[in-house]
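Enquirer: Based on what follows, work out the 3D shape:
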Amino acid sequence: MQRESEATKDIIVIGAGVIGLSTAIRIQEKGGYRVTIVAETFPTDPKTIRYTSHWAGAHHVSGAYGSERQRDMDRETFDIMWKDSEHGGPVEGCFLRHKNTQFRSDGVDPSEWLDHMPGFRSISNDELVPGATHGWTFTTLTLYPPVYLNWLLGRFLNNGGKIVRAQLQHIDQAIHGGISGLPQEPDAIVACVGLGARFLGGIEDKEVYPVRGQTVVLKAPWVRFGRTLTYADGSHFYLMPRATGDVLVGGIRVADDWFPAPREQDRDYLLAGGLAMCPELAPPEILAERMPTVDDLRPLIVEEGCGLRPGRKSGIRLATEWPEGSKIPVVHNYGHSGMGFQSSWGSASVALNLLEEALAGEKPGKAKKYEIWPADYTGRRDHVC
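Expert: Numbers count the residues shown, from 1 in each chain. Next up is the predicted model:
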């Protein structure tokens, strides 16, 4: 546990998804801070549409495109997760290192933001799957979100962190107190509120919108590799193997779709697309005899999922502001869309820097905002993580 002193500052982090947990830990382990997380939902709760992090894949394949800051955050996060995924690391049964191949026919070359990955190389034409014109392969990792998120929560609590379950209606309820268990005079607020940024009073960011995703999880322990296929029309399929022996198949990404449950037609679409990209999803004994069909995959289904990624029109909001009439800074860290897990530690580091700059400077008496993310953010807002 971090040793506290009279100089220890009270920080409230709003949100307990992967961004909130990672940010709280990064602040906490810096030292000199007493951190409390306030959230409606925690990783220990049953899966719900209101908690997106549970539904992630989640592999580490950057989609930074032209954003240098996104590349830096993704790379910092990968380096940390790569170390955590070593044999005998702190989260047994969570990570799986594996070969991943990106197939594309949309003319995009991902080398600029993926060439640092272990074993990165372009592949030959005879290695392409049907529908692809180019491909690249490398080694990455997939993590199992329920285990990883609960490990983050345990790490935070074991280091002296405190959690409070509450549904805030306005950010002033964190700034000015009144919620039982929260510091009544915090030194700063860090808002890691995801899709909630659209509705939380005092933020109400109308640039935030949902990007609906749907996945199917298959029991297919014979598949120990990942694949992604992006077509020229923008349609997209991916499969991610997990340490559990399951394989997650996805590819649904629809902006402004709030539907909160899996759709049957989307499930069939994913199974058909996944099988076309990877016939090896079918049991080996079937593949040895004939070409498999979608019906061969149905008995393998162990879970269907649906999540609402927190998209934002101008990209991730990493910024500091002082609400009108308040001397308490609010650091914003939200809008990661499908890039939350893969940029979590890098994003947390930026948020910590903003927090320390705000606490070290003068506290203005009027609203002041510093947007550090470029207005011409070029990352694809609906990239899947």
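Enquirer: Is it correct that residue 112 falls within a strand?
Expert: No. Counting by DSSP: H, G, I helix; E, B strand; the rest coil, residue 112 is not found in a strand; it is helix.
Enquirer: State the number of residues packed around it.
Expert: Applying other C-beta atoms under 10 Å, we find 13 residues neighbouring residue 112. The C-beta positions use only the backbone N, C-alpha and C, and glycine is treated the same way.
Enquirer: Please write out the alpha-carbon positions of stretch 296-306 in CSV.
Expert: Only the C-alpha atoms of stretch 296-306 are listed here, as CSV (Å, rounded to 0.1, in the frame of the first residue of the first chain):
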residue,chain,number,x,y,z
ASP,A,296,-21.4,-27.3,-38.1
LEU,A,297,-20.5,-24.3,-35.9
ARG,A,298,-23.8,-24.0,-34.1
PRO,A,299,-23.1,-26.8,-31.6
LEU,A,300,-19.9,-25.0,-30.6
ILE,A,301,-21.6,-21.8,-29.5
VAL,A,302,-21.0,-21.1,-25.8
GLU,A,303,-22.0,-17.4,-25.7
GLU,A,304,-23.4,-14.6,-27.8
GLY,A,305,-22.6,-11.1,-26.8
CYS,A,306,-23.5,-7.5,-27.6
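Enquirer: Other residues contacting it?
Expert: Outside stretch 296-306, the residues that touch it by C-beta atoms under 8 Å, 6 or more residues apart in numbering are 47, 49, 55, 212-220, 246, 259-262, 267, 271, 274-275, 281-283, 286.
Enquirer: Whichever of those residues count as buried, I'd like them selected in PyMOL; how would that read?
Expert: Selecting only the buried entries of the contacts of stretch 296-306 in PyMOL, with 16 or more other C-beta atoms under 10 Å as the criterion:
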select buried, resi 47+49+55+212+213+214+215+216+217+218+220+246+262+267+271+274+275+281+282+283
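Enquirer: Narrow the contacts of stretch 296-306 to those in strands?
Expert: 212-219, 246 (DSSP state E).
Enquirer: Widest-spaced pair of these?
Expert: 212 and 219 (24.9 Å; C-beta to C-beta).
Enquirer: So residue 152 sits against residue 26, correct?
Expert: No. Shown here, residue 152 and residue 26 do not form a contact pair, counting by C-beta atoms under 8 Å, at 10.8 Å.
Enquirer: show me the contacts for residue 180.
Expert: 164, 166.
Enquirer: What separation do you get for it and residue 200?
Expert: 19 Å (C-beta to C-beta, to the nearest Å).
Enquirer: Residue 73 against residue 341, yeah?
Expert: No. In this structure residue 73 lies outside contact range of residue 341 using C-beta under 8 Å: 11.6 Å.
Enquirer: buried set for the helix ranked longest in the chain?
Expert: The single longest helix within the chain, with elements called by DSSP state H, is helix 340-360. Residues of helix 340-360 classed as buried: 340-352, 354-356, 358-359 (neighbour count, 16+ other C-beta under 10 Å).
Enquirer: counting contacts, what elements does that helix pack onto?
Expert: Applying 3 or more C-beta pairs under 8 Å, 6 or more residues apart in numbering; DSSP states H and E, one finds that helix 340-360 makes contact with helix 18-30, helix 68-84, strand 188-191, strand 317-322, strand 330-334.
Enquirer: To residue 208, which of the ones you listed lies closest?
Expert: For the helices and strands packed on helix 340-360, proximity to residue 208 was assessed by C-beta to C-beta; strand 330-334 is nearest, at 7.4 Å.
Enquirer: Pull up the pairing partners for the closest one, direction included.
Expert: Using DSSP bridges, the strands paired with strand 330-334 are strand 188-191 (parallel), strand 317-322 (antiparallel).
Enquirer: and the angle for the last one with helix 340-360?
Expert: By that I understand strand 317-322. Per axes from the mean of the first three to the mean of the last three C-alpha atoms, to 10 degrees, the angle that strand 317-322 makes with helix 340-360 is 20 degrees.
Enquirer: deepest of the strands paired with strand 330-334, which one?
Expert: strand 188-191 (a mean of 26; mean count of other C-beta atoms under 10 Å).
Enquirer: Contacts for that strand next, please.
Expert: For strand 188-191, the external contacting residues (C-beta under 8 Å, 6+ apart) are 9, 11-15, 23-24, 27, 171, 174-175, 197, 200, 203, 328-334, 351, 355, 358-359.
Enquirer: now the ones in strands among the contacts of stretch 296-306 as a markdown table including distance to residue 322?
Expert: Shown next, in a markdown table, are the ones in strands among the contacts of stretch 296-306 (distance: C-beta to C-beta, whole Å):
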| residue | distance to residue 322 |
| --- | --- |
| 212 | 34 |
| 213 | 35 |
| 214 | 40 |
| 215 | 40 |
| 216 | 46 |
| 217 | 44 |
| 218 | 49 |
| 219 | 51 |
| 246 | 46 |
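Enquirer: just the residues you listed now: which is nearest residue 69?
Expert: For the ones in strands among the contacts of stretch 296-306, the nearest to residue 69 is residue 213 (23.9 Å; C-beta to C-beta).
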